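Q: Give me a 3D structure for the following:
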Amino acid sequence: VALGPNHPDTLNRMGLVRDTYVEQGKYEEAMKLARECLEKSKDALGHDHPTTVSFTNYLLEFYSHQGKLDMAEPLHVDRLEKRKVALGPNHPDTLNRMGLVRDTYVEQGKYEEAMKLARECLEKSKDALGHDHPTTVSFTNYLLEFYSHQGKLDMAEPLHVDRLEKRKVALGPNH
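A: The predicted structure is shown next:
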């Protein structure tokens, strides 16, 4: 019994062929097949089906490894918008997806967009998870590192002072 070209099992098999192409160094064939799998999965299963999400994530990873960030960016932004709708703008998974978009902006040299998104991630994380949650601390540390690399030490200082004060409270002043 034939399953058809858009059946999830057929799409998964296509994914295995794609993986074989990658292992053989046939990257163009692999990318072409990956895009085909993604489009067929969207048509047959919908944008939010786990198989479609898996194919999207694969393409994102592939584009990133190949340095094709201009192709990865729209997929990252699309996944972010879908997370916002499905989980809400302050959900930890949405915030993590925002971090991936931010990283893509940095890799493309879009520092203003990255900085804006980093600040938004930090504020949403503070509101949703609290100042001392590991995700919030991670976003704070990222912003500190970003400010330092950009030479914006005046913007980094208040964050450093805030982190120091919170550590004193949590661990004691002599720790």
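
Q: Let me know the pLDDT of V1.
A: pLDDT for V1: 58.

Q: Nearest the middle, which residue of the chain would you pick?
A: Note on the chain: the residue nearest the mean C-alpha position is L100, at 2.5 Å, using C-alpha atoms, centre = their mean.

Q: so where is the chain shaky, pLDDT-wise?
A: 1 (pLDDT under 70).

Q: show me where it has helices.
A: 8-23, 27-45, 50-65, 69-87, 92-107, 111-129, 134-149, 153-171 (DSSP state H).

Q: what's the most buried one of those helices?
A: Among the helices of the chain, helix 92-107 has the highest mean neighbour count (mean count of other C-beta atoms under 10 Å), at a mean of 19. In short, each C-beta sits where N, CA and C put it, glycine included.

Q: what distance separates that one from the middle of the whole chain?
A: Helix 92-107 has its C-alpha centroid displaced from the chain centroid by 4 Å (C-alpha atoms, centre = their mean, to the nearest Å).

Q: Next, the angle from it to helix 50-65.
A: In terms of direction (axes from the mean of the first three to the mean of the last three C-alpha atoms, to 10 degrees), helix 92-107 departs from helix 50-65 by 30 degrees.

Q: any residues touching helix 92-107, and which ones?
A: 60, 64, 69, 72-73, 76-77, 79-80, 83-84, 87-88, 111, 113-114, 117-118, 120-121, 124-125, 128-129, 135, 139, 142, 146 (C-beta atoms under 8 Å, 6 or more residues apart in numbering).

Q: swap the cut-off to 7 Å and go again
A: Contacts with helix 92-107, where a contact means C-beta atoms under 7 Å, 6 or more residues apart in numbering, come from 69, 72-73, 76-77, 79-80, 83-84, 87-88, 113-114, 117-118, 120-121, 124-125, 129, 135.

Q: can you check stretch 118-131 too?
A: Residues outside stretch 118-131 that contact it (C-beta under 7 Å, 6+ apart) are 89-90, 92, 95, 98-99, 102, 133, 135-136, 139-140, 142-143, 146, 166.
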